[in-house]
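Visitor: Next one to model:
(one chain, ligands or ions: 2)
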Amino acid sequence: MKAMKIKESIKNNFNEIRKNYLLVVFFVIFNLINSTILRLVTVKNILSISPLLVDLSFLIAISLFSLFLKRTKRIKYFMAVTIILTIICIINSIYYHYYSSFASVSLLATAVFAADVGDAIVENVIKIVDFIYILSPICLYLSYRIIKKRGYLKREIKVEKKKIIKKVLLSSLCIFVVGGIFMPINSWARLFKLWNRESVVMSYGIYFYQLDDFIQSLTPQITNLFGHDNALKSVTDYYEENKREKTSNQFTGIFEGKNVIVIHAESMQTFPMNLKFNDQEVTPNMNKLASEGIFFSNFYSQVGVGTSSDAEFTFNTSLMPSTSGTVFVNYFNRTYVSIPQLLKEKGYYTYSMHGNTGDFWNRNTMHKNLGYDKFYSKDSYVIDETIGLGLSDKSFFSQSVEIMKEVKENEEGPFYTLLITLTNHTPFSDLELIDEFPTTIDVQIGNQTITREYLNNTTMGNYLRSVHYADEAIGEFIEKLDKEGLLENTVLIIYGDHDARLEYNDYNLLYNYDPISDRILTEEDEGYVTYNKYTYELDKKVPFIVWTKDQSFNLTVDTPMGMIDVLPTIGNMLGIESPYQLGTDIFSIEEDNMVVFIDGSFLTSKIYYNGSKGELYFINNNEPITEDYIKQHVDKSSKIIEISNNIISYDLIKEVKP
Ligand code: GP9
Ligand code: MN
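Guide: Ligands and ions are numbered 1, 2, ... in the order given. This is a model prediction of the structure:
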């Protein structure tokens with residue numbers, strides 16, 4: 001009997017909606033299609049029920065506001081909301097191609113830089129699929145025209161607003177709760193922490209994610225009101241529980257008092273260092289430095305959406321990038337302890353050089369805050385050769401040597417300088433000034449030698465050609481430094497700032513192209529090189545090299561290492577340390593090291609753990625892994641991100657004295 005009644009009421013409600021709220025139905029359907037397409041092209045979890053239900057409940061809830069408008073006016077409301085939701089889908093679709101994450105309102109402040117990397121975005125990031133979403137407002141409007149023509153909107157219906165509001169809110173809530181049942185346990189925590197944007201969209205859909213992000217983007221202003229005391233306690237306790245003993249090792253103080261030259265190598269990854277084409281190394285100069293110096297071959301940059309600026313920040317402070325916005329733009333006014341400051345206390349003159357505009361990533365302000373005495377940006381250079389984003393590396397380095405000569409003459413004491421390169425930046429398409437670097441492959445078929453195009457004129461081939469140029473520029477730079485005596489009593493440090501944002505298929509082409517059959521091998525083929533989403537992540541390694549003319553080390557360190565470990569590691573060599581450093585001196589590690597990524601993922605020498613999907617990838621199969629090992633590392637990676645975020649968001653270096 002009860003079932004009959006429920007069935008009857010569903011039928012009546014359904015008829016009422018069909019008769020009186022068809023426009024709402026179209027509004028919900030077309031926006032639901034958009035959010036589903038977005039998940040299809042990004043996190044690819046289109047069959048997941050929870051985000052679909054949460055999106056549905058969100059759309060039903062916001063359709064409620066239309067009730068307060070005359071029926072003939074409602075289309076304006078629905079069109080306005082649909083256009084906003086469509087723009088959210090388009091922005092996130094484009095953003096995901098480049099960052100493999102979702103856009104944040106807190107990044108609006110960095111949108112000003114988009115113009116400078118415009119070509120990179122247009123050529124490399126925007127894809128046709130990003131504009132499918134536009135169909136949604138168009139279809140909604142066409143549907144409106146059809147039902148209007150049928151006289152559907154003429155009849156004014158008497159609604160008991162209170163009753164309808166109750167019904168709509170109740171159904172929206174029920175749908176949300178049902179969606180919640182299908183979510184993983186930790187998805188609720190992730191809604192609040194929001195470092196793992198992918199997993200939030202996978203559970204809650206894009207609309208609820210963006211609402212959550214908007215509320216959280218007010219964090220910098222709000223948290224100082226509410227979360228401060230908890231954050232202060234968590235950071236104080238952390239440094240209490242993790243007191244760093246003074247350790248020393250064979251590298252302690254070995255570079256104390258030496259000049260320091262740091263090269264921030266744009267988009268330089270490690271895998272090209274192992275490649276040769278037609279008997280030519282892609283990176284002969286980096287390879288020489290790596291073989292003579294200390295080469296950290298299992299090194300990751302740990303950047304978030306701040307890319308270059310995140311790399312600089314973590315390199316200099318041994319803190320993680322911010323999970324909401326970027327430090328250089330949103331938290332530039334906080335107090336930090338950084339390498340330039342620490343070296344200045346030891347009498348160094350510290351300066352930075354970069355051929356791009358000084359406002360890019362707010363460097364004019366942030367470099368001062370990091371303790372550089374001077375920042376030479378675009379205005380300090382003659383822009384005599386432009387490639388890609390700006391001044392070419394070869395011209396930048398050549399002009400920088402002149403600046404360095406002048407600084408050496410005029411400034412007392414040792415110097416610390418950072419040079420940020422630019423040419424090797426996505427989309428690697430401005431190549432006319434870059435020498436050819438054929439990535440062809442010869443193959444013997446019968447008594448014929450055939451040259452296959454292989455990577456030529458592909459994204460991977462263009463990237464390797466651009467890397468070869470960047471390596472040549474570094475080689476020329478070192479020669480000039482040596483000629484000017486600027487390598488005497490000097491240590492050279494080179495790091496890749498982040499991966500080049502190449503796609504999975506770019507790597508698969510590199511590893512699985514078969515010149516004999518002139519096609520890409522698949523898992524069924526003999527000779528197939530296993531390439532999956534985890535090897536793709538592990539390939540994002542960047543080089544970290546420490547080299548001096550005064551001494552050969554011939555040392556390769558394959559312990560997993562992150563940018564966060566740089567200050568502790570080179571600080572030990574230079575005789576400096578930050579009381580806030582969250583990383584570890586790699587030469588003081590007894591067993592294994594853990595590299596934490598900004599979305600909660602991490603790797604050790606045994607496993608890679610994907611924080612978004614909660615999945616494990618075994619790097620070292622012969623080592624049994626316990627549940628406890630995983631839990632310990634998951635907790636530790638969350639703690640590192642939480643403490644670093646708290647220090648940055650609440651400006652706690654001013655208050656906490658470890
Ligand atoms: C911009 C250059 C590149 O000046 O550092 O920045 P990125 O796009 O790599 O963050
Ligand atoms: Mn960069």
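
Visitor: Helix, strand, or coil at the closest residue to ligand 2 within the stretch 301-450 of the chain?
Guide: Here the stretch 301-450 of the chain gets closest to ligand 2 at one residue, S308, 3.3 Å apart by Cβ to the ion. In this view, the C-beta of every residue, glycine as well, is placed from N, C-alpha and C. Following DSSP: H, G, I helix; E, B strand; the rest coil, the label given to S308 is helix.

Visitor: For the protein, what lies in contact range of ligand 1?
Guide: 117, 266, 307-308, 356, 360, 420, 422, 425 (Cβ under 6 Å from any ligand atom).

Visitor: count of residues packed around the spatially closest residue to the residue of the stretch 301-450 of the chain closest to ligand 2 that is not a sequence neighbour?
Guide: Computed as Cβ to Cβ, 6 or more residues apart in numbering, the closest residue to S308 that is not its neighbour in sequence is D497, at 5.1 Å. Using other Cβ atoms under 10 Å, D497 has 24 other residues around it.

Visitor: and if you look at the one 5 residues further on?
Guide: Residue neighbour count, defined by other Cβ under 10 Å, stands at 22 for L502.

Visitor: just the helices in the stretch 501-650 of the chain please.
Guide: For the stretch 501-650 of the chain, the helices defined by DSSP state H, counting those that start in this stretch cover 504-512, 533-538, 566-574, 627-649.

Visitor: Domain parsing of this protein, as residue ranges.
Guide: 2-183, 243-588 (automatic domain parsing).

Visitor: Dump these into JSON lines; add mean pLDDT as well.
Guide: Conversion of the domains of the chain to JSON lines gives the following (pLDDT from 0 to 100):
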{"stretch": "domain 2-183", "mean pLDDT": "83"}
{"stretch": "domain 243-588", "mean pLDDT": "95"}
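
Visitor: Dump these into CSV; add distance to S234 as well.
Guide: As requested, the domains of the chain are exported to CSV (distance: least, Cβ to Cβ, whole Å):
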stretch, distance to S234
domain 2-183, 21
domain 243-588, 13
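
Visitor: deepest of these, which one?
Guide: Burial of the domains of the chain is given as mean neighbour count (mean count of other Cβ atoms under 10 Å); domain 243-588 ranks first at a mean of 19.

Visitor: gap between the two ends of that domain?
Guide: 15 Å (Cα to Cα, to the nearest Å).

Visitor: and it, how far out from the chain's middle?
Guide: 16 Å (Cα atoms, centre = their mean, to the nearest Å).

Visitor: Where does L135 sit: helix, strand or coil?
Guide: Using three-state DSSP, the structure places L135 in helix.

Visitor: gap between it and L431?
Guide: Using Cβ to Cβ, to the nearest Å, L135 is found at 36 Å from L431.

Visitor: hang on, isn't the residue of the stretch 301-450 of the chain closest to ligand 2 packed against M268?
Guide: No: between S308 and M268 there is no contact under Cβ atoms under 8 Å: 11.7 Å.

Visitor: Find residues that contact each of the two.
Guide: D497 (Cβ atoms under 8 Å, 6 or more residues apart in numbering).

Visitor: Now the stretch 501-650 of the chain against ligand 2: closest residue?
Guide: R501 (9.5 Å).

Visitor: Let's have the helices of the stretch 501-650 of the chain in TSV, adding distance to H367.
Guide: Output for the helices of the stretch 501-650 of the chain, formatted as TSV (distance: least, Cβ to Cβ, whole Å):
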stretch	distance to H367
helix 504-512	33
helix 533-538	31
helix 566-574	17
helix 627-649	17
